[in-house]
Structure formats: structure tokens, C-alpha cells
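K.L.:
Just to be clear, the model below is a prediction. Sequence and coordinates:
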Amino acid sequence: MNHCLLIQLVLAVLPVLGGPAVTNLKTEHLVNPLGMDNPQPRFSWQVEDGREGAVQTAYRLMVAADTLEFDSHPLWDSGRIASDAVLATYAGPELKPFTRYWWKLSCEDKDGALIPSPAAFFETGLMSPYNWRGSWISDKQGTDFKPAPRFREEFKARGGIVQARAYIAVAGLYTLYINGKKVGDRVLEPAFTRYDRRVLYSTYDVTAMLREGANAVGVELGNGWFNHQAVTTWHFDQAPWRARPAFCLDLRIRYADGTEELVTSGMGWKTSSEGPLIYNNIYTGEHYDARREQQGWAEPGFNEKDWEGVKLRSCPAAQVSAQQMVPIRESGEIEAVKITKLNNNRYIYDFGENMAGNVHLRIKGPRGTDIELTYAERLNSAGQADQDNINYYYFGDRNAEPLQTDLVTLSGGEDYFAPQYSYKGFRYVEVNASSSLKWGKEQLRAVRVHSDVPGAGSLESAEPLVEELWQATCRTYLSNLPGYPTDCPQREKNGWTADAHIAVESGLYNYDAFSVYEKWLADHRDEQQPNGALPDIIPTCGWGYWNPAANGNGLDWTSTIALIPWELYLFYGDAKPLRDNYDNIRRYVDYALTFTKDGLTSWGRGDWVPVTTRSNKTLICSCFLYKDLDILCRAARLFGYEADAQKYGAIAEQVRSAVNKKFLNASTGVYAGGMQTDQSLPLAFGLVPEESRSAVLQALVKRVEEDGFHVNAGVHGAKFALRVLSEAGYGELAYRMATAKEYPSWGWWLENEKTTLIENWRLDVTRDNSDNHVIFGDIAAWFYKSLGGINPDPEDPGFRHIILRPCFPAGLDHFSCSYDSPRGKIALSWQRKKRKLSLSVTIPCSASATFHYPDGRTEELSSGTSNRIIALPRPR
């Protein structure tokens, strides 16, 4: 008797609402960006066409200096391109700096009808360091001076202003003001870089902020990572670039009569360190004395008699580049869910979730009242803020510079304090005031702080734990995206490489983070040594370039230089990150090969924070070496470097052969010690001989059963064990592991009231146990890839061709997810009804898919297909 369930497959046709349209126009993966430096910008778009078999058959893209010149004087006209591509690169005349360009396109649908797009724009920035006119300036204080400097300059503007742009490059952090108002809504600007090699500048449209007559521009500088005064394990206080923060500013004003005026930073500016911000450190916090506030300091007419002259500084880096990525912003205000009074002066605010960010303080109290705001992820047995899980690596003065703490002194009036140059990881804030004050929800509100990446994915599940884990992963991911991917937002704030490549797919399914990763890859290039070596953390001040003999760093960490460009290529179909980093990948692989003997290497850290098992480090590192070689070979073929493809392909085969010879027991299918990581990595990376795949897979299944159907692995096994099981038809088993609620599991954390992913399977670890750690963050990607079945095709990337391989665990009655791919929304939803399963799939215009049925059959699908009845075998 054939025991099976009948399921109905409904491949939905999108309704045609208003007809086909060209939407989501982006330049350099950003919407209408200002200040672009790339002389050959990329253009991308989507075609919304819900008709069955919808496809873009051709496009024509035009760039012009004005929307009225597309037809008469286009700067560049691609001509008709017979292609379904949704990504194009500018190939016209040289672009001018400080110029707005408009672009549009017309696409042809499957019937040859034209679909016009609206016009989009981009503006070029300086495009060359020789176009800067301002001077780098700072105050006259040294690196250990605590108060933050302020700078001001007044100028007069004529009437008839039609455009004004502020270009500002900063070594450190800044807040820019014009006529007393903050410019923009960005925070922690610019993003952290290797400051002695690259400094970023930002561009602002300040047209509406200027007025005829007297104007003033003000700049306040924060230390950031440039002048790191706190002492930690990672030695940023000894960074080779460390100096007092400095900036360079050009304010370009264009008038209706065609003339231009330039206001620049220089010796005419005035500075003061007598402002209210008497201490700031991105790692520890800020100290704010409201009694020192200088009302009107960034407005015209301010009395600056006590202000001093500035000091000229040299440019800190050879490269001053545009910050071409989504900015860091605050994300809404969050009320406390609970306020606990400890005594008349002490309160605990519980914001209900762990996050990266700050609190905003609104309070009135006696002049001179001191308030201490201590941020923590946990409470101790007395109900007080407990930082013992995050303070191990901080060696500073904990009385003068307490960790994750803001200190505020009140003026006697209505005071408002919002940190500008620090962020913390926390759920709880303990308030300790020197006098009794009124404390309620209005006095203290939390704000999240992270790169403002647009959402790309969503999911719903009948199993609450799936949605809760997804939300916890998204919360964790955003908490660790302050302009570069980090490990945790409290103890370290470092760009740990392994954390980033493990969680990259979870990030890309849920958010459009392309621009952040592209910036981080530039950081890789800045950090790479001439011999190809990369550090553990990027950016770094020099920490993390370990001697391989010391068992630090290594392939399972710093392979980000290959893995991140590859994932961007798979998800977006954009080969530029691979091309930009091709030489860096090759040099890194060559460096790794110097620590390889007979095809094997142990250069790496191994399966970090495992449960009880210890997987073979040489096997793990050799697998990552093979993966890097495979990516390098694929990139070489993509770019026509056939000699490289042959050379590194031969080395890859040597590594593959050596791994199987050394570690594979062909009769049992067991690699090394047979642990979950030992079995899953060779399967995931393609090292297993075809004739041994079944045996290796069965050995993994047996291992999982012996481990009580739980994850018993560290960071690498936790990522790949679930994947290879579900891809091989063991989705039921993988789902059981993913949704377990007992130790060790992701669900165990949530059962114990964690709202973000943590660093260790155990909860009782007192050191190195952040409660907001992204290193186990691939679980959300597994939901999309396995329960939703949405996978990119390496042979046809950017989801031009989609591999649909969903699994339908018996214990789950409903699941749906969607992903906004470069070609449009991909969606899959299924619901179990008695002995049938109703399933709906949406495929965007110009995409196709291969649907993998549970019984092993496949079917090719295009946008908008029909209904099916299929048989679902009982789960294995």
C-alpha cells in the first residue's frame, strides 16, 4: 500500500492591477542617491507584470542632465538591448562631479509592448580628492582631552538659492547643523573604516535650510573609533591613526543666475570645547552636563568671543571616498513594558526586548542633579542591572568611564538628552539619580540604532516558535549592523568575520543590505596585507593578524573575502563585488596555501562553541579552503581568466582528494569522528564522492538520532547540518532540530525569555556569553530555504532561475514566506487540510523556477502557472 498524502499545488498568477509597470529604480543599489563617486554606476529595476509567462524581452536605458533632454540631448542611450536583465552599467561619456543626472528606461513585455519607467536620478559627488576646497581642521586639544569640540562659521547668502549641497568628511563622528537645526537624520556618521587608509564623506541636500542673508554652519565632533579613549582587549586606544577628531567641509551653493558660492572649512572657523558633552566613547557611553549647553551656538549672531581659532590638520587617509550605502538611523521610540522602583532614586526600565541603541531622556529636576543610566542585558538576583556577561574585556576606569553607561547632569529646567556618538546593547536600563525625581514611561524611551536597510522578506507560520525565532534573528541581525556586520552590540562591537559569513544569507533574505556588505568588502581590501593575510576583525587597528602557528584566525573565519562576494552574486546577480575583490580572493587563497601540506590545512579556529562534541579542525579548515578555491574558479571562468580557473581547479581537486583520503571511511560513510559538523561540511561544500553521498548522509542522520534529535555542534555544524538534511529529503528531521525547545537548541533560548540569539548554547556561561549575538543566525535563512524552499541558482544567479525545494514537516500545518528578489517578489505558501496540502507559488516577471516535488520529480515553472495534484510521500 502506498502511504502518501495528496496535496494540491496552486501556482498563482498575480492579478494585473493597472497593467505592467517598471518600478524600484535604483542607482548603485540605492534610491536616488546623492554624492556618488563611481564613474560607471549600476542601474537596477523591476518589472511588475502578473500575466502568465510574463517576461521582459528588451530594454532601453537613457541618462540625461535634465528630464527634458531624454529625447533631444541624452548623455547616454543604451539603445535597444534584447535581454531580460534588470541590472545595467553606465557606459556613456565621463560623468562630471557635483552634477545631478536623470535616468529612465523603457522595457518591452512578452508581446513587444513598451513599458515606460518613471524618471529616477543620482548625483555625483566630488569624484576626485582634488575637488575638495576645504581644509581639514580640528581644535588644539590632544587625544586624551574628554569634552567634544564644536566648530562654527557664519556666512551670507544672496537671494535666489536653487541648490545647496554640504559635503563633509570626518575622522571620527559628527553632527552637522545649519542655522541651529541638525542636518539629516543620520547617526554614528560616517561609518567605521580603517581611518589611516580610507575616510568616508557624506552628501546632504541643505537647500531648504539656507536663507537669504546671515547663515551659520556648526559641526560637533565625536570620537567614534578614531579616537578610542577606552582601554579594551582590541587595543583601539593604540590605533596607528588615533588623533583628535577632525573634519573637512565644502558647502556648495548654486543661484538662479547660474553662479556658485563655496563655504569651506578653514582657519576662519571658531571652536569651543566648553559644550555640554564632556565625554563620549562609542564603546562606553556619553557624559552630558546640561548646565554647559550653549544656546544658539550654531545660529547666526551667536556671541563667539570666548571661542578659539582652529588648528589645521593633514588628511588622515589617502582615500576619501563617498559613503555609498544606506545610513545608520534611529528606529522609532520604544516605551518600557515595565518600570520597577528599587528605591526613591533608583529604577529599572524593562523595554521588553534586547536591542542595539540608546535611550532618550526627558526630565526636569534640580540643577546639578546627577543621573546615571546603566544599560544591561540581564538583571541580577537583586533585580539590578547586571553586566557580568559583557564586561570581561573592558580594562578602563570603571568609576570614571563606566561601561555602557550614560551620565547626565541636569540644568534645572526641562532637559533632553539623546546620545549621538555611542550605542549600547541592552534590554534593561537602570536609572540612579542623586535626588528624587518623577520617573515614568515618558521620561525614558529606547531607540534602536542600526543601518537603515529596507526589508526584503517576511514569513508566517502555524508554529509560533518559527515566527519567534525569525523575529529574534532579525532583531539580532539589525542589532549587529552599524555600518558593518558585527558580532555583538555591547561587549565587542567588532566586525568578526565568521559571524558575518555565517549570518549573511539570513541578512539577505530579510533585508536589502547589499550596500553595507559592499562597503565592508572595501574594508577588507584596506585591511589585507601584501601577503594576502586578513585579520579576524574588520576593520581593525592591527589586532587579529594571528600567526597560524598560534591557531588563531584562519579559513573558517576570514574566508569572508570570498564568501560575501559570492553570496551577493547569488542573491543579486551583480558580479561587481566578485570582480572588485577577485585579486584579493586570489591573494588570500595563495596565502592559505602556504599553510597547506599535502592538500590539508588546520589553519582556523574550528567549530566554535560546540555543545559536547569536538569536530576535526583540519577537516573543517580544509573544507573551507576547498570552498574558497571553488569560488575562485567560478569567478575566474565568469571573467574569462581561464589560466587561473585551471590552476586553482587542479588545486581544489587535490584538496578534495586529500580530504576524502584522510577522513572518509568509504565503508561507513563517516568523516573523521562522525560528528554533525564532520558529516555536514563535506556534503554542503561538495567534497563527498557521488558514490559515497548516501552513506555520508545516513551517517549524519544516525548521528543526529544519537544526539537526541538536537543540534550537537558549534557554529559551522549548526548552519550546515540542517541544510544538507532538508536538501536531501530529511526535512522532517531538520525541522525537529530547528524547532526543539529543550537544551541545546535555539528554542531553548526563547523558552528562557531571550528575545535575541545568544552566543552560547548554554545559559549558565558567565564569560563570553552575549545575549545578542549573530553567530548562530543562519536559522532564519533555513526557514526561507527549506520550509519556503526559495533558493538561488548558482548557474543563473540573482533569482533569474529559482530552485524551489520546500519541505512539508508533518507537525507544521501552515507556512508562508516571501522574498523581494532583484526581479520582484517570490512567494510560497502552503496549508495542510486533512490529507491534502494547498500550496501557492508566485514567480516574478522574467524569472523561472524548477520545482522539486517530494517524490523526487521536478517541473519547470515560469511566471504564472497552473494547478497540480501531487502525492507527498510520508516523511523519512
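P.N.:
That came through fine.
K.L.:
contacts, neighbours, all on C-alpha from now
P.N.:
Noted.
K.L.:
What backbone torsions are found at the closest residue to G717 other than its chain neighbours?
P.N.:
Using Cα to Cα, 6 or more residues apart in numbering and skipping residues adjacent in sequence, the residue nearest G717 is T677, 4.1 Å away. T677 adopts backbone torsions of phi -70, psi -40, taken as degrees, to the nearest 10.
K.L.:
For stretch 78-87, C-alpha coordinates in CSV please.
P.N.:
Taking C-alpha atoms only, stretch 78-87 is exported to CSV below (Å, rounded to 0.1, in the frame of the first residue of the first chain):
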residue,chain,number,x,y,z
SER,A,78,22.0,52.2,-24.4
GLY,A,79,19.9,51.6,-27.5
ARG,A,80,17.6,48.6,-27.6
ILE,A,81,19.1,45.7,-25.7
ALA,A,82,17.4,42.3,-26.3
SER,A,83,17.6,41.0,-22.8
ASP,A,84,15.6,40.2,-19.7
ALA,A,85,18.4,41.7,-17.5
VAL,A,86,17.4,44.0,-14.7
LEU,A,87,20.9,45.3,-14.0
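K.L.:
List of residues touching it?
P.N.:
With contacts defined as Cα atoms under 8 Å, 6 or more residues apart in numbering, stretch 78-87 is touched by 42-46, 55-62, 91, 574, 822-823, 846.
K.L.:
dump the residue contacts of N660.
P.N.:
L687, V688.
K.L.:
got the buried residues for stretch 586-601?
P.N.:
Judged by neighbour count using 16 or more other Cα atoms under 10 Å, the buried positions of stretch 586-601 are R586, R587, Y588, V589, D590, Y591, A592, L593, T596, G599, L600, T601.
K.L.:
Relative to the whole chain's centre, how far out is it?
P.N.:
29 Å (Cα atoms, centre = their mean, to the nearest Å).
K.L.:
Which stretches in the stretch 351-500 of the chain count as strands?
P.N.:
370-376, 378-379, 385-386, 405-409, 414-417, 424-433, 444-451, 457-461 (DSSP state E, counting those that start in this stretch).
K.L.:
Same list (those) but as JSON lines, adding distance to V206.
P.N.:
JSON lines is the format used below for these (distance: least, Cα to Cα, whole Å):
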{"stretch": "strand 370-376", "distance to V206": "35"}
{"stretch": "strand 378-379", "distance to V206": "43"}
{"stretch": "strand 385-386", "distance to V206": "42"}
{"stretch": "strand 405-409", "distance to V206": "31"}
{"stretch": "strand 414-417", "distance to V206": "25"}
{"stretch": "strand 424-433", "distance to V206": "30"}
{"stretch": "strand 444-451", "distance to V206": "22"}
{"stretch": "strand 457-461", "distance to V206": "34"}
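K.L.:
For D512, find the nearest of those strands.
P.N.:
strand 457-461 (9.1 Å; Cα to Cα).
K.L.:
In CSV, list the C-alpha atoms belonging to the closest one.
P.N.:
Output of strand 457-461 as CSV, limited to C-alpha atoms (Å, rounded to 0.1, in the frame of the first residue of the first chain):
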residue,chain,number,x,y,z
GLY,A,457,11.5,39.2,3.4
SER,A,458,8.6,38.1,5.6
LEU,A,459,7.2,34.9,6.8
GLU,A,460,4.2,33.4,8.8
SER,A,461,4.0,30.0,10.4
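K.L.:
Tell me the strands beside that strand, with direction?
P.N.:
strand 814-821 (antiparallel) (DSSP bridges).
K.L.:
following the partner strand, which helix or strand comes up?
P.N.:
Sequence-wise, the next helix or strand downstream of strand 814-821 (DSSP states H and E) is strand 824-833.
K.L.:
Please compute how far that following strand lies from its chain's middle.
P.N.:
In terms of Cα atoms, centre = their mean, the centre of strand 824-833 is found 27 Å from the chain centre.
K.L.:
sorry, back to before: any idea how many residues pack against the residue nearest to G717?
P.N.:
33 (other Cα atoms under 10 Å).
K.L.:
related to what we said a few turns ago, can you flag which of the contacts of stretch 78-87 belong to strands?
P.N.:
R42, F43, S44, W45, Q46, A58, Y59, R60, L61, M62 (DSSP state E).
K.L.:
Skip the chain neighbours and tell me the closest residue to the third one.
P.N.:
Here the nearest residue to S44 in space, its sequence neighbours aside, is L87; by Cα to Cα, 6+ apart that works out to 4.5 Å.
K.L.:
And that neighbour, what's its pLDDT?
P.N.:
L87 is assigned 98 on the pLDDT scale.
K.L.:
Quick check on it: phi, psi?
P.N.:
phi -140, psi 130.
K.L.:
what separates it from P822, distance-wise?
P.N.:
9 Å (Cα to Cα, to the nearest Å).
K.L.:
Mutual contacts of the two, please.
P.N.:
Residues touching both L87 and P822 (Cα under 8 Å, 6+ apart) are S44, W45.
K.L.:
Any regions of the stretch 451-600 of the chain where pLDDT drops low?
P.N.:
548-551 (pLDDT under 70).
K.L.:
Can you tell me the SS state at the nearest residue to V63 once chain neighbours are set aside?
P.N.:
Distances taken as Cα to Cα, 6+ apart place W103 nearest to V63, at 4.3 Å, with adjacent residues excluded. Secondary structure state of W103, per DSSP: H, G, I helix; E, B strand; the rest coil, is strand.
K.L.:
any idea how far W103 lies from A522?
P.N.:
The value you get for W103 to A522, if Cα to Cα is used, is 27 Å.
K.L.:
How about L632?
P.N.:
Distance from L632 to A522, by Cα to Cα: 18 Å.
K.L.:
more crowded one of the two?
P.N.:
Under the neighbour definition other Cα under 10 Å, L632 and A522 were set side by side, and L632 has more, 25 against 18.
K.L.:
what about the helix or strand hosting the more buried one, average pLDDT?
P.N.:
Assigned by DSSP H and E, L632 falls within helix 617-638. When pLDDT is averaged along helix 617-638, the result is 98.
K.L.:
do the same with stretch 364-376
P.N.:
Averaged across stretch 364-376, pLDDT comes to 98.
K.L.:
could you dump that stretch to PDB, C-alpha only?
P.N.:
C-alpha atoms of stretch 364-376 as PDB (Å, rounded to 0.1, in the frame of the first residue of the first chain):
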ATOM      1  CA  LYS A 364      13.100  68.100  34.900                       C
ATOM      2  CA  GLY A 365      14.900  68.300  38.200                       C
ATOM      3  CA  PRO A 366      17.000  70.400  40.500                       C
ATOM      4  CA  ARG A 367      20.100  72.000  38.900                       C
ATOM      5  CA  GLY A 368      23.200  69.800  39.400                       C
ATOM      6  CA  THR A 369      21.200  66.500  39.800                       C
ATOM      7  CA  ASP A 370      23.300  63.600  38.500                       C
ATOM      8  CA  ILE A 371      21.600  60.800  36.700                       C
ATOM      9  CA  GLU A 372      23.400  57.500  35.800                       C
ATOM     10  CA  LEU A 373      21.900  55.400  33.100                       C
ATOM     11  CA  THR A 374      23.300  51.900  33.100                       C
ATOM     12  CA  TYR A 375      22.500  49.600  30.100                       C
ATOM     13  CA  ALA A 376      22.400  45.800  30.600                       C
END
